[in-house]
Each structure stands twice: as C-alpha cells, then as structure tokens.
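Q: the following block contains a protein sequence and its predicted model.
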Amino acid sequence: MRLVLLVLLAEYAAMALMAALGYAYHHVVPQWFVDELRRYVNQTAIGPLQIFGHNLAIMVADSIPFVGPFALAVSISATGFVLGAFVGYSPLAGELGPLALVLAYLLTAAMPHGILELSSYAFATAGSMDATRRILRRRGGALRSWLIHLAIALALLLAAAYVEWFEITALSSFLPRL
C-alpha cells in the first residue's frame, strides 16, 4: 500500500508541475491543436462507458510490468501539460491569471472522479512495479500480485467513470463545456 501512495503522490506532483509548464509555455502548442483536443474530449465524454474505455487504455499501459512507470510518466506529463495549455488559451486565464490554472488543476485532480482515476493509475503502476521486482528477483507471486493490483485498479477506474459522468451532468449547467 505504501508503494501505491508513493505513486499517487508522484502523480499529483508531476501533473501539477507539467500543468504549470503547459500554462507558462502554452504558446508552443498551436491553438488549432488545443481546439482539436477539446473536440476529442467532448466526443469521448458522452457516457460513463466511453469515459471508462478511454481511461482503460491508459490504465492497462500503466499496469504492464517493466513498462508501467514509463507509461504513467508519459500519460501524466501529457495530461498535465495539455491541461496547462488549455487554461493558457482560455478566457479565464486573462481574467484570473494563474488562479485559473489552480482551479482547473483542482477540478481535474481533486474532484472525486480525479481522486478515483489517479488512484486507479497508482494501483496499476504499483502492480507493474511489484511484478517487475518479483520477476527480477525470481520471487514467486508476480502474477498473483499483478492481478490483485489490476482488479483493484479496474474497479476504481469503473467507479471513476461513473462518478465523472455524474459530475459532468450535475455541473454542466454551472460550468461551460471544455
């Protein structure tokens, strides 16, 4: 469990750092690319199972022994940077400045769906790391440990998708679409 918490802490820190960099250097990302990503996100977030399917690909990559931590680093870095770029191009950035980034980060990472989703990725990555360590040390139980972590990660990810869908529908009248 300690490994899961360490991975989760690293996720939050890396996403915050990359979001700050994306915000500061949003001009290196063309506006048309941000608009295309916005359209893609809006097309993906049409139901809980579509959200789950999108996030499942990320979680599975995070769970692969020997590869998981690298997959997590890439996905969290990209998510954070793109979040910062989105905010950098948003009208709120002109009105609120860096506070807009803080609010976007909190909406992404600290809402219930974000906590569940990032926890899912942490369980998957911790399972990858534990399985890798067991394989390299020629200790038994690598498959069992990996499957337990994977099952927990899947359950958390499915819950996150339904919670995210609830948040989207409940908050849609208060927040503009991305």
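A: All right, it came through fine. Numbers count the residues shown, from 1 in each chain.

Q: CA only for contacts and neighbour counts going forward, please
A: OK.

Q: show me which helix runs longest in this protein.
A: Scanning the chain for the longest helix, with DSSP state H as the assignment, gives helix 142-171.

Q: for it, name the packing helices and strands.
A: Packed against helix 142-171 by the contact rule (3 or more Cα pairs under 8 Å, 6 or more residues apart in numbering; DSSP states H and E) you find helix 48-63, helix 112-136.

Q: can I get those in TSV including distance to residue 33?
A: Listed next are those as TSV, based on distance: least, Cα to Cα, whole Å:
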stretch	distance to residue 33
helix 48-63	19
helix 112-136	24
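
Q: can those helices go into a markdown table with extra columns for mean neighbour count?
A: Converted to a markdown table, the helices and strands packed on helix 142-171 look like this (neighbours: other Cα atoms under 10 Å):
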| stretch | mean neighbour count |
| --- | --- |
| helix 48-63 | 20 |
| helix 112-136 | 24 |
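
Q: for the helix or strand bottoming out on mean pLDDT in the chain, list the C-alpha coordinates in PDB.
A: Least confident helix or strand of the chain, by mean pLDDT, DSSP states H and E, is helix 31-44 with a mean of 85. Taking Å, rounded to 0.1, in the frame of the first residue of the first chain, the C-alpha atoms of helix 31-44 are listed here in PDB:
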ATOM      1  CA  GLN A  31      -4.400  26.900 -30.900                       C
ATOM      2  CA  TRP A  32      -5.900  24.500 -33.500                       C
ATOM      3  CA  PHE A  33      -4.300  21.500 -31.700                       C
ATOM      4  CA  VAL A  34      -5.900  22.600 -28.400                       C
ATOM      5  CA  ASP A  35      -9.300  23.000 -30.200                       C
ATOM      6  CA  GLU A  36      -9.000  19.500 -31.700                       C
ATOM      7  CA  LEU A  37      -8.200  18.000 -28.300                       C
ATOM      8  CA  ARG A  38     -11.200  19.900 -26.800                       C
ATOM      9  CA  ARG A  39     -13.400  18.400 -29.500                       C
ATOM     10  CA  TYR A  40     -12.000  14.900 -28.900                       C
ATOM     11  CA  VAL A  41     -12.600  15.200 -25.100                       C
ATOM     12  CA  ASN A  42     -16.200  16.300 -25.700                       C
ATOM     13  CA  GLN A  43     -16.700  13.400 -28.100                       C
ATOM     14  CA  THR A  44     -15.300  10.900 -25.500                       C
END
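
Q: so which bits of that helix are buried?
A: 34, 44 (16 or more other Cα atoms under 10 Å).

Q: that helix packs against which elements?
A: Packed against helix 31-44 by the contact rule (3+ Cα pairs under 8 Å, 6+ apart) you find helix 48-63, helix 68-89.

Q: looking at those, which is nearest to residue 159?
A: Nearest to residue 159, of all the helices and strands packed on helix 31-44, is helix 48-63, at 8.8 Å by Cα to Cα.
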